[in-house]
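Undergrad: Would you be able to build a 3D model of this:
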Amino acid sequence: MTDLTALSYTAEHEWISVDGDIATIGITDYAADQLGDVVYVDLPAVGASVTAGQVFGEIESTKSVSELYAPVEGEVVEVNDDVDADPATVNSDAFAAWLIRVRVTSAPSGLLDRDAYVALTGGDAQ
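TA: As a prediction, the model looks like this:
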């Protein structure tokens, strides 16, 4: 089980965990619930650059298509092939089904802690 209080969150419903200079990024439980059944993800290739606050990919469900926003700036060092092969894993456990790992080149800012994120969602985040 992921310690949700150890993660940081964006207002766009991404979560981030930073270990040294590597950030693991995914979507939150709330976002996965709102999307419904995830059927496709479009993620950047390893080596691609991401910019904080900018779109790095898309996630598509049976209901809609949503853009994914990078909470940090850096270079993609790993893409979760399991999610790429079976996007529905995001619905099973949004926190285990991370999307990308980024070598961070600038410290993240403007992130929310779990309490602030739960407040942002009106208490709907689990």
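
Undergrad: switch to C-alpha atoms for all contacts and neighbour counts from now on
TA: Noted.

Undergrad: phi, psi of the closest residue in space to residue 26 that isn't next to it in sequence?
TA: Nearest residue to residue 26 in three dimensions, chain neighbours excluded: residue 98, at 4.4 Å (Cα to Cα, 6 or more residues apart in numbering). Note on residue 98: backbone dihedrals following degrees, to the nearest 10 are phi -60, psi 160.

Undergrad: Next, count neighbours for residue 98.
TA: 24 (other Cα atoms under 10 Å).

Undergrad: What pLDDT does the model give it?
TA: At residue 98, the model reports a pLDDT of 96.

Undergrad: for it, what are its contacts?
TA: 24-27, 80, 83, 90 (Cα atoms under 8 Å, 6 or more residues apart in numbering).

Undergrad: 7 Å instead?
TA: Residue 98 makes contact with 24-26, 80, according to Cα atoms under 7 Å, 6 or more residues apart in numbering.

Undergrad: Please apply the same query to residue 9.
TA: Residue 9 neighbours (Cα under 7 Å, 6+ apart): 15-16, 111-113, 117.

Undergrad: Is residue 109 in a helix, a strand, or coil?
TA: coil (DSSP: H, G, I helix; E, B strand; the rest coil).

Undergrad: mind checking how far the helix or strand where residue 56 lies is from the chain centre?
TA: Secondary structure assignment for residue 56, by DSSP states H and E: strand 55-61. Strand 55-61 has its C-alpha centroid displaced from the chain centroid by 10 Å (Cα atoms, centre = their mean, to the nearest Å).

Undergrad: any residues touching it, and which ones?
TA: Contacts of strand 55-61 (Cα under 7 Å, 6+ apart): 35-44, 50, 65-70.

Undergrad: Mind checking which of the residues you listed land in strands?
TA: Judged by DSSP state E, strands contain the following of those: 38-42, 50, 65-69.
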